[in-house]
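Visitor: I'll drop the sequence and a predicted model, then ask my questions.
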Amino acid sequence: PEVHPQTEEYWGRVNPIGIRSCYDEGKRCAETLFFDYHRQHNLPIRVIRIFNTYGPRMHPNDGRVVSNFIAQALQNKDITIYGDGSQTRSFQYVDDLIEGMIKMMNNDINFTGPVNIGNPSEYSIKSLAELILKMIPETTSKIIYLPLPQDDPLQRKPDIKLAAEKLDWSPIIDIKDGLTKKINMDSVCKRVSNILPAYFFKNISAVAIGSYDTLDDRSVDSVYDKKIIYLTNVQDDEDDIIENIIHEVAHSLEEIYSYPINFNFSIVL
Ligand code: UDP
């Protein structure tokens, strides 16, 4: 971007034919269509511009920088910085985004937007990697440097004055608090998938949940739907151990979310 921080008035400067153009232009085209519908059909619309967001429940293989670095650190794999890591981004925790979305949808001043919803605290990707490594002290991961993808923006930071003025909104969760929540949740998910095969590998022919790095969509959904574990060929006398582990996991999740979680689980004998 030629304007930093980015205001809503800035029209952007993106490559229309590069490897990330479908993403950039897709968002621009969506705004165009919304405004056409608004003008042509008087359709009430609200347009927000979401800046980099992270939180629990992202797919571990989503490919975004925060989820990549945390997943890599938890698995003791290399932390992959693209380029020299001097490019910057500004990361908002998902709860702040949702609050901004709700305020925007409920605004009764007919404020259509577009409005930036993001956290203006700006970090270099290298400093993000270092922060995550510091927050997961047990990891043996090391930083490696890979080529920077084409058209990767060098810097990004929202100007959020308009959101403050029109919606009385600004983010309240700082990066350390947000990362703590995400790291806690991600490490529980990893633990669930690690503990079980280790305990029961000998006696179990199928564990429906994959290991953390091979989680497919179904098993991720199972974790997040709280239908945590489907096991087959469990021996009669193992029921209790399995139940204990499931309760341990439930307890950890409850601590993170601070509300009770109901688990459905089935043991197929
Ligand atoms: N990035 C990185 N390592 C990764 C994933 C991303 O260094 O494993 C960099 C990426 O090149 C970009 C920044 O982190 O400069 C943010 O990338 P992301 O895909 O999360 O969001 P976006 O590029 O859409 O802002």
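Guide: Received the coordinates, thanks.

Visitor: so Tyr123 sits in a strand?
Guide: Yes - counting by DSSP: H, G, I helix; E, B strand; the rest coil, Tyr123 is part of a strand.

Visitor: residues contacting it?
Guide: With contact set as C-beta atoms under 8 Å, 6 or more residues apart in numbering, Tyr123 has these partners: Thr88, Arg89, Ser90, Phe91, Leu131, Ile175. C-beta: built from backbone N, CA, C; applies to glycine.

Visitor: go with 7 Å
Guide: Going by C-beta atoms under 7 Å, 6 or more residues apart in numbering, Tyr123 touches Thr88, Arg89, Phe91, Ile175.

Visitor: among those, who's most crowded?
Guide: For these, the largest number of neighbours (other C-beta atoms under 10 Å) sits with Phe91, at 24 neighbours.

Visitor: pLDDT value on it, please?
Guide: Phe91 is assigned 97 on the pLDDT scale.

Visitor: thought Gly55 was touching it, still the case?
Guide: No - with contacts defined as C-beta atoms under 7 Å, Phe91 does not count as touching Gly55, sitting 10.0 Å away.

Visitor: ok, back up a step: could you list which of the contacts of Tyr123 also contact the ligand?
Guide: Arg89 (C-beta under 6 Å from any ligand atom).

Visitor: for the contacts of Tyr123, work out which two are farthest apart.
Guide: The distance between the two most remote of these (C-beta to C-beta) is 12.8 Å, for Thr88 and Ile175.

Visitor: among the contacts of Tyr123, which lie within helices?
Guide: Counting by DSSP state H, those place Ile175 in helices.

Visitor: and the contacts of Tyr123 as TSV, adding distance to Lys166?
Guide: Output for those, formatted as TSV (distance: C-beta to C-beta, whole Å):
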residue	distance to Lys166
Thr88	26
Arg89	24
Phe91	23
Ile175	25
